[in-house]
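Trainee: fold the following.
(4 chains)
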Number of protein chains: 4
Amino acid sequence: MENRNATAAVIGAGDFIGAAIAKKFASEGFTVFAGRRHGDKLAPLVAEIEAAGGRVVGRSLDARKEEQITAFLQDADMAAPLEVCIFNVGANVNFPLLETTERVFRKVWEMACYAGFLTGREAARLMLPRGRGNIFFTGATAGMRGGIGYTAFASAKFGLRAVAQAMARELGPKNIHVAHLIIDAGVDTEWVRQRRIEALGPNALDDPDLLMPPASVAASYWQLSQQPKSAWTFALEIRPFGEKW
Amino acid sequence: MENRNATAAVIGAGDFIGAAIAKKFASEGFTVFAGRRHGDKLAPLVAEIEAAGGRVVGRSLDARKEEQITAFLQDADMAAPLEVCIFNVGANVNFPLLETTERVFRKVWEMACYAGFLTGREAARLMLPRGRGNIFFTGATAGMRGGIGYTAFASAKFGLRAVAQAMARELGPKNIHVAHLIIDAGVDTEWVRQRRIEALGPNALDDPDLLMPPASVAASYWQLSQQPKSAWTFALEIRPFGEKW
Amino acid sequence: MENRNATAAVIGAGDFIGAAIAKKFASEGFTVFAGRRHGDKLAPLVAEIEAAGGRVVGRSLDARKEEQITAFLQDADMAAPLEVCIFNVGANVNFPLLETTERVFRKVWEMACYAGFLTGREAARLMLPRGRGNIFFTGATAGMRGGIGYTAFASAKFGLRAVAQAMARELGPKNIHVAHLIIDAGVDTEWVRQRRIEALGPNALDDPDLLMPPASVAASYWQLSQQPKSAWTFALEIRPFGEKW
Amino acid sequence: MENRNATAAVIGAGDFIGAAIAKKFASEGFTVFAGRRHGDKLAPLVAEIEAAGGRVVGRSLDARKEEQITAFLQDADMAAPLEVCIFNVGANVNFPLLETTERVFRKVWEMACYAGFLTGREAARLMLPRGRGNIFFTGATAGMRGGIGYTAFASAKFGLRAVAQAMARELGPKNIHVAHLIIDAGVDTEWVRQRRIEALGPNALDDPDLLMPPASVAASYWQLSQQPKSAWTFALEIRPFGEKW
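Mentor: Now for the predicted structure:
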């Protein structure tokens, strides 16, 4: 692994997708800045990356706080130029309409949309003077379709998609690649595996490729970051071969 | 005009579209509850409706306050069963990304999305026990496409569209008609007329039907409210004949 | 009923939707030109319209033949100015991909897309010199989504939607209203009723409004034709209140 | 370059995108079967691939003829298992509606949609028994939006997109990856360069990455073919960084 003079920031470095992204970019020589609500939970990720020879900084980060986002990205950019910034905060909840409290509606939006806006804007502020960079957002199928019970989550994810679109149109001509990735499948976690088996029976997981491995998401982000500026993708959807859609 | 035992609530009864909607439903015999931020500005509307023999209550209403929305709709429902509830709060702003403050982003969302969620949920709460009603939302082209400078506005309008979709899917089978109207044009106001003439020259308004008259929006809402339950429309877009799209 | 000096042409005046459209426009005073493959099947429709005091001409028409479309619409326009032209030819088939013959693929396209293009173009040719008119197309959910087994049907219906869009954009500024109606539900026919009962049990039809009555489709076309030029709808979708989507 | 026991077929191996795709897959060790209307025009491509040590068969192919498509793909599959099949026939024309003859409408459809259906179906027939393969279609922005003058082209490209969707949903669970690539930009050809300079002035091409290089399209197809089955993309759009959208 050759070290690069470049940082990749992962806002929302959770146990699955976020961690896989962090590992991928670290393995490609980036200094990784990984942030999540409770930074102490990042210890295993940091240990794993460092054991593999990678460079990583783990931080507690409340992505809903403007000053924290600003400081986190500035620190990342001081370590090495911020070349990739990935917003990956999730907030998937499902409630019947009448049970969706204003508090839930607001909190889901703050996590999944507002924090994404702050992240993208502050990353752009650092990247624009250099005229290069990548800003990627993790979307969801709920960002394309407002299903029953998803008033809060779909609303936030629709809003995040709009943020990404408006940013892509403004920043693209300035050589900053903005993309929005939709994972149209359950991600392969222990919790999802159990739900599948309960719903579909013991053979539900015979083919492991029916679920989305976090590493495949990470590989997709990596490919997006490697696209030449003559052929950028804004909206990327990925799903396992057997997924109904 | 025959009076009905039914109320139509208009949240965001501004000078143009909101007022036209209020007048239309009043002229069809509904008791109209009209709310806007500064209720004193409702005086001319109230006078006009009453002069025409209609019934109307004008109220100051900050649609971003849950308790105000709840009280407003409860009062409307006590006057007569709430049959139609229209959310029409606008918040159109355009800023370059780096100049979009977190305060603007949050405020636009509170006005154009969060308030819409509160309105729809509280209207549903009143309509569900009776098993009938109409909940309509005024969308915008920015709710379909995130253009440059519309990070805040498009994000809020995308989010509102998701709210409407999720509500429509949940409430439709319970006989509550939820719809989302997109006005793909400039609305015919003095301000818009001046901008047109500046941009396109003195002949820009030779055909008055090139702009969207508020009364046409009101007529569209009226038609939506009259659709039989066997043939409901969720997404309605309207544009003047000469509009480019 | 007051007679109008205007013709409404219905291409694809089948037993259900097409017939309902013909009856609606006849009842509103239009001279109706109704065409379908086997014109002798139009006898009951013609009798019903005439018994109600309406004016109607029924013709055999193979909509896939350019010269027949041209002659049909010219004749309609000579009876009275062609004001409304509705293309309603269906061709719903479902085959696994490998069993979709080139003959089926071509025939479905000729019926559902190519014939629609011919109809729209020839109607426009007659309407443009007068600077007014309405051209409407019956679409389908398959025109929005290519589901399994619908290679032929979805492809044709997608193609028809594109025809309608391109025509709407070109003809709108010339005051010809082009619209595309999507009926997102089973239409209420005896055949569909039987399938529902087989699939969902004897109570499947307890609420008759769960299926789409042809008259509701006709009413929707009527409303489209009555929209003021300041507020036209291009894409109209209708579905029964209880339909899943 | 290591030779693979695999064939990649390119239907519509024109001078730009098709040729670039052929070169890319040949350089990755595939035997390439390249077909275009006038096979003699393939001589330079064949020479270039062979000079680089690749394997390629060039054939005259009228993609609108079922028996020719069948024979072409069978021959390809006999050379080595058909692993990748790319449909790349273009047919971009623009005519005002009234000047769009039925002959043009039909021919554009036969080239851009019907031939794509034949290609996809016959490729699937060969791939299904082995339970693996990739079938990719070159779409266009006109397959998403029917603009003025594109009645014929948009209709065909919408239809092709539906073919791809229906195939993807049916074949995905059988481990055949179907994808639809939209190139939202002018492709970098001499003809397009001249048009740009005429329209935008002598500096229009100062940044070569403003146009889409055929090699970038080829690289995108290559990446699609390398996606793991746990994370397939169906719809891929690519555009140069400076493209307005």
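
Trainee: when you work out contacts or count neighbours from here on, use the C-alpha atoms and nothing else.
Mentor: Noted.

Trainee: with adjacent residues omitted, what lies nearest to residue A:216?
Mentor: residue D:231 (6.1 Å; Cα to Cα, 6 or more residues apart in numbering or on different chains).

Trainee: which residues touch the one you found?
Mentor: If you count contacts by Cα atoms under 8 Å, 6 or more residues apart in numbering or on different chains, residue D:231 has them with A:212, A:216-217, A:238-241.

Trainee: now the two most distant members of these.
Mentor: A:217 and A:241 (14.2 Å; Cα to Cα).

Trainee: close enough to count as contact, residue A:238 and residue D:234?
Mentor: Yes - using Cα atoms under 8 Å, residue A:238 is in contact with residue D:234, at 7.5 Å.

Trainee: please pull out the lowest mean pLDDT helix or strand from chain A.
Mentor: Using mean pLDDT, DSSP states H and E, helix A:190-200 stands out as the lowest-scoring helix or strand of chain A, at a mean of 84.

Trainee: now that helix: how far from the chain's centre is it?
Mentor: Taking Cα atoms, centre = their mean, to the nearest Å, one finds helix A:190-200 lying 23 Å from the centre of the chain it belongs to.

Trainee: sort out which residues of it are buried, please.
Mentor: Judged by neighbour count using 16 or more other Cα atoms under 10 Å in any protein chain shown, the buried positions of helix A:190-200 are A:193, A:196.

Trainee: show me what contacts the residue nearest the centre of chain A?
Mentor: Nearest to the mean C-alpha position of chain A, counting by Cα atoms, centre = their mean, stands residue A:88 at 2.3 Å. Going by Cα under 8 Å, 6+ apart, residue A:88 touches A:10-13, A:17-18, A:137-138.

Trainee: looking at the residues you listed, which one is closest to chain B?
Mentor: residue A:137 (14.0 Å; Cα to the nearest Cα).

Trainee: pretty sure that closest one sits against residue A:87.
Mentor: Yes - checked against Cα under 8 Å, the pair residue A:137 and residue A:87 is within contact range at 4.9 Å.

Trainee: need the residues touching each of the two.
Mentor: Common neighbours of residue A:137 and residue A:87 (Cα under 8 Å, 6+ apart) are residue A:116.

Trainee: all strands of chain A, in order?
Mentor: For chain A, the strands defined by DSSP state E occupy A:7-11, A:31-36, A:55-60, A:82-87, A:133-140, A:176-183, A:235-238.

Trainee: single out the most deeply packed of those strands.
Mentor: Highest mean neighbour count among the strands of chain A (mean count of other Cα atoms under 10 Å in any protein chain shown): strand A:7-11, with a mean of 28.

Trainee: how many other residues sit next to residue A:67?
Mentor: Number of residues near residue A:67 (other Cα atoms under 10 Å in any protein chain shown) recorded here: 11.

Trainee: what residues are up against it?
Mentor: Residue A:67 neighbours (Cα under 8 Å, 6+ apart): none.

Trainee: same question for the one 5 residues further on.
Mentor: Going by Cα under 8 Å, 6+ apart, residue A:72 touches residue A:61.

Trainee: to chain D, which of the strands of chain A lies closest?
Mentor: Nearest of these (Cα to the nearest Cα): strand A:235-238, 4.7 Å.

Trainee: go ahead and confirm residue A:45 touches residue A:19.
Mentor: Yes - using Cα under 8 Å, residue A:45 makes contact with residue A:19 at a distance of 6.6 Å.

Trainee: mind checking how far stretch A:224-243 is from the chain centre?
Mentor: Counting by Cα atoms, centre = their mean, stretch A:224-243 comes out at 14 Å from the chain centroid.

Trainee: mind checking the end-to-end distance for that stretch?
Mentor: 22 Å (Cα to Cα, to the nearest Å).

Trainee: for it, buried residues please.
Mentor: Within stretch A:224-243, the residues that qualify as buried by neighbour count (16+ other Cα under 10 Å) are A:224-225, A:227, A:229-243.

Trainee: can you pull the pLDDT of residue A:30?
Mentor: Note on residue A:30: pLDDT of 98.

Trainee: please read the previous query as pertaining to residue A:203.
Mentor: 82.

Trainee: measure the residue lying closest to residue A:92 once chain neighbours are set aside to residue A:160 for me?
Mentor: Closest residue to residue A:92 apart from its sequence neighbours, by Cα to Cα, 6+ apart: residue A:153 at 5.9 Å. According to Cα to Cα, residue A:153 and residue A:160 sit 11 Å apart.

Trainee: residues in contact with residue A:124?
Mentor: Per Cα under 8 Å, 6+ apart, neighbours of residue A:124: A:135, A:171, A:176, B:98.

Trainee: apart from its chain neighbours, what residue comes closest to the last one?
Mentor: In this structure, residue B:98 finds its nearest non-sequential neighbour in residue A:121, 6.2 Å apart by Cα to Cα, 6+ apart.

Trainee: how confident was the prediction at that neighbour?
Mentor: The model's pLDDT for residue A:121 equals 98.

Trainee: what about it, how many neighbours?
Mentor: Residue A:121 is flanked by 24 other residues according to other Cα under 10 Å.

Trainee: likewise for residue A:75?
Mentor: Residue A:75 has 15 nearby residues by other Cα under 10 Å.

Trainee: over to residue A:216?
Mentor: Residue A:216 has 23 nearby residues by other Cα under 10 Å.

Trainee: biggest helix in chain A by residues?
Mentor: Ranked by number of residues, the top helix in chain A under DSSP state H is helix A:151-171.

Trainee: just want the angle from it to strand A:133-140.
Mentor: Calculated by axes from the mean of the first three to the mean of the last three Cα atoms, to 10 degrees, helix A:151-171 forms an angle of 160 degrees with strand A:133-140.

Trainee: chain B contacts on chain A?
Mentor: For chain A, the residues in contact with chain B (Cα under 8 Å from any Cα of the partner chain) are A:66, A:97-98, A:102, A:105-106, A:114, A:118, A:121, A:124-125, A:145-152, A:154-163, A:165-167, A:169-170.

Trainee: the residues you listed, buried ones only, as a PyMOL selection?
Mentor: In PyMOL, this line selects whichever of these come out buried by 16+ other Cα under 10 Å:
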select buried, chain A and resi 66+97+102+105+106+114+118+121+124+125+145+146+147+148+149+150+151+152+154+155+156+157+158+159+160+161+162+163+165+166+167+169+170
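
Trainee: quick check: the gap between residue A:55 and residue A:4.
Mentor: Computed as Cα to Cα, the residue A:55 to residue A:4 distance reads 10 Å.

Trainee: now do the shared contacts for the two.
Mentor: Common contacts of residue A:55 and residue A:4, defined by Cα under 8 Å, 6+ apart, comprise A:29-31.

Trainee: I appreciate the help and will end here.
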